[in-house]
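**Q** Pasted the sequence and its predicted model underneath.
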Amino acid sequence: MDLELTGERIIPNLMKPSNGMLLEHLARYYFSTPYVYGRVLDIACGVGYGTQMIAKNCRLEATEIIGVDLDPASIRYAQSYYYHPMVTYQVEDALDPLLPEKLGQFDTIVSFETIEHVPDDRLFMKNIYDMLKPGGMLVLSSPFGRGRGMQTSEKFHVHQLTPEEFAELFVEFPFSEVEIYYQRGVTIEPPRKDVRYFIGVAVCKK
C-alpha cells in the first residue's frame, strides 16, 4: 500500500520491535486497558494499531470502538492493516465543534500524544468532555515542554505543555476524579522524587 502519511506516525509493521518510541506508544495503550469499557473512542488513532490493541485486549469489556484521525491516508492504512470487527475507523477533526454531535457519547475515550499537535487544547478538551458520558473514563497523554504558545524543537508539535499546564487542563473541566501519572520509557507510574519525566498520562472520571 502506498503511504503518504502526514505528520508523526508510528507504524509498527515498518519499525523494529525494539524501537523505543514504538515501545513507549504501546505501553500507553496497554496502560489504558483496565479503564476501557462500553463504547470507546480513540482520538487521533493514527494508523490504528492501538485501536486494534484495545479491541483485542478488551473484547469482553468494550461494545464498540471508533478510531478517528484527521489524516485520510492513516485511516485507509488502518482499515487495511489493523482491521477488527469491533472497530470502525473514520476521518474526523478533533477540533471540529460539531464532533460531539457527529460521534455521540462514549464510556471510554483515549487520546495519546495528540494535544501537542492541536492549536487550541481547550477546545480539544471541551470536545472530549462533551463526548464523555457521566461516569465515563478518559485516558490522555502529553509530552512536556516549554509551555503553551512556546516554540518546540519538534517539527509537528504546536507546543508542549508544562507539567503544571497539563494538570490544569483537568481542573478547568469538572471531572469527578483525576489521577496524573508520569511515563519514563515504558514505565508509567506515580511521580517519584528526583526522577525527571517527559510525558504525563492522565486518568479521569467524569
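**A** That came through, no problem.
**Q** and the longest helix for this structure?
**A** helix 20-32 (DSSP state H).
**Q** For the next helix or strand after that helix, C-alpha coordinates in CSV please.
**A** Sequence order places strand 38-43 as the next helix or strand after helix 20-32, per DSSP states H and E. Extracted C-alpha coordinates of strand 38-43, given in CSV (Å, rounded to 0.1, in the frame of the first residue of the first chain):
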residue,chain,number,x,y,z
GLY,A,38,-18.6,0.1,26.8
ARG,A,39,-18.5,2.4,23.8
VAL,A,40,-14.9,3.5,23.2
LEU,A,41,-13.3,6.4,21.2
ASP,A,42,-9.6,6.6,20.2
ILE,A,43,-9.0,10.2,19.1
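**Q** average pLDDT across strand 38-43?
**A** For strand 38-43, mean pLDDT is 98.
**Q** Also stretch 134-144?
**A** On average, stretch 134-144 scores 96.
**Q** Flag every buried residue along it.
**A** Residues of stretch 134-144 classed as buried by neighbour count (16 or more other C-beta atoms under 10 Å): 136-144. C-betas here are computed from N, CA, C, even on glycine.
**Q** what's next to that stretch, contact-wise?
**A** The contact list for stretch 134-144 (C-beta atoms under 8 Å, 6 or more residues apart in numbering) reads 28, 31-32, 35-38, 105-116, 128, 132, 157, 160-163, 166, 175, 183, 197-206.
**Q** Could you identify the buried members of these?
**A** 28, 31-32, 35-36, 38, 105-116, 128, 132, 157, 160-163, 166, 175, 183, 197, 199-204, 206.
**Q** show me the contacts for Leu103.
**A** 41, 66, 68, 92, 131.
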